[in-house]
Structure formats: C-alpha cells, structure tokens
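[1] Make a model of this:
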Amino acid sequence: MASENLEAARRALLEQIDMLSMDDSQKAEIRERVRNSSDEELVSMLKQQNEMQNTNDGDSESCIFCSIISKKVPSYKIAENDEALAVLEINPASKGHTIIIPKSHGRINEMSHSMKTMAKEVSEKLQERLSPDRIEISRQEMMGHTLFNILPIHPNTPLKKVQADQKELAEIQKSLTSEPIKVNVKKEVIIQDTKKPKQKKTEESKKQTKNFREKVRSRIP
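    Numbering: from 1, shown residues only. Below is the predicted model of the structure:
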C-alpha cells in the first residue's frame, strides 16, 4: 500500500476512534497506538478490521459494543428486547443521539422486525420529549458490529460529535425512559360574573338599619 494511502487510512482509523462508545482514557490509548504504529502494524490493523467487518464471527471479545451488551461497559440504556439494545451515544452528534446495538456480533444488512419496532418507539419518544425537526436513522459498521444510529435533527443546530456531559446524558435517559403522563382532561371555561355579589347583612348592620328607620319615623310629623 502506498504511503499516502496508509496515511489516509491512519486518519480514517483515528476518526473512527472518536465514534467509539468508551471512556477518554481508552480512546487516548488507542489513538496513541494508531499514531505510533509502523506501516506494517497499520496494515495488520486494517486487515484485522476488514476481516471483522466481512464476517459474522469476528472477535466479539474485543468488541466494545458486545461489552455494552454484556454490561461489562456501562451505558445509558433507553430500551432493550431479545435482539437489540438501544443506548445513548456518549459522543453524540446531536442531543438525544441514540444507537441501536444488535445483540448478535457481526454484520447485518437490515433491521429485523423487532429492531424496527424498537427504532420506531425510540424515535417517537425522542420526538415527544426533545421536539426535533426530524429524526434520521442510518446504518453503520464499527469493529465488525452493525449499529443503527437514531439521530434527532434540531433546528439551527449543526451536527457535530462531541463528548456529552454525564449529567446531561442521565437527564435525557430519565426523560426518555419515564412513563409519559397521559391525562385526557377537557378544558373548562370559567365565566366570571361581573356583578358584585350581594353581601349578607350582619346582625350589627341590621341593628343600625333598624335604629335609622326608627329615627326617621320619629321625625315624620
């Protein structure tokens, strides 16, 4: 492989590292290894990556997404069924960026029925809670594992992958996983009477009125 192609491949690998769902220390270690690798080592990495992407029985032990599935790596889970797990991306391109991880390691061409149902439910929840302009779903291959990105597109907000604040991720997770409050209440129209209500006369008021009337009568000839 020509040296310019190797450098292009090295840059592509470094970009892919930023998309991995792992902590910064792990990413830094992998970046350092890629940057400092010789041409022969880089070619070996590329071959290994291609083998993992082109077979369904790749090395699941070294796959970060399999580690998320097995709960060896913590995540912000949004939904789960027998075939897949939906978690918040820790380096999201937009607020609410979610990835659906099939539980079976390897490449798949399209979502199964249950994955499509999960994607629909997660998308509806994202729309309900975050109110994006639209939601896009795309397929991606990482470390020999197929992923499906659910990406909310927010108004006037460019897509850019950044490390998310852990507190914000926890808040989004709580918002998306809490049950919605559905209350069917008809609006009540209250018409206020503009007339002043009649005040009840107190005993003292009645007494004063009676005394006044008696004084008036005594003065009438």
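[2] Now the nearest residue to Q163 once chain neighbours are set aside. Its backbone dihedrals?
    Leaving aside its sequence neighbours, Q163 sits nearest to N91 (C-beta to C-beta, 6 or more residues apart in numbering; 5.5 Å). (Glycine included, C-beta is placed from N, CA and C.) With angles defined as degrees, to the nearest 10, N91 sits at phi -120, psi 70.
[3] Report the secondary structure state of E136.
    Per DSSP: H, G, I helix; E, B strand; the rest coil, the local secondary structure of E136 is strand.
[4] Show the contacting residues for it.
    Neighbouring residues of E136 by C-beta atoms under 8 Å, 6 or more residues apart in numbering: 149-151, 153.
[5] Over to L159?
    By C-beta under 8 Å, 6+ apart, L159 lies in contact with 93-94, 151, 153.
[6] Narrow those residues to those that are buried.
    Buried members of these, scored by 16 or more other C-beta atoms under 10 Å, are 93-94, 151.
[7] ok so, going back, could I get the pLDDT score of the residue nearest to Q163?
    N91 carries a pLDDT score of 86 in this model.
[8] Is it in contact with L169, as I believe?
    No - in this structure, N91 is not within contact of L169 by C-beta atoms under 8 Å, at 10.6 Å.
[9] Just confirm L6 is within a helix.
    Yes - according to three-state DSSP, the state of L6 is that of a helix.
[10] From Q173, how far out is it?
    L6 is 40 Å from Q173, where distance means C-beta to C-beta, to the nearest Å.
[11] repeat for I78
    Between I78 and Q173 the computed distance is 7 Å (C-beta to C-beta).
[12] so what sits against both of the two?
    Residues touching both I78 and Q173 (C-beta under 8 Å, 6+ apart) are L88.
[13] Counting neighbours, go ahead and name the busier of these two.
    More crowded of I78 and Q173, by other C-beta atoms under 10 Å: I78, with 23 against 17.
[14] Any idea how many residues pack against the nearest residue to that one once chain neighbours are set aside?
    Excluding its sequence neighbours, the residue lying closest to I78 (C-beta to C-beta, 6+ apart) is A86, at 4.4 Å. Residues near A86, counting by other C-beta under 10 Å, number 24.
[15] Surely L176 touches K125?
    Yes - in this structure, L176 is within contact of K125 by C-beta under 8 Å, at 5.1 Å.
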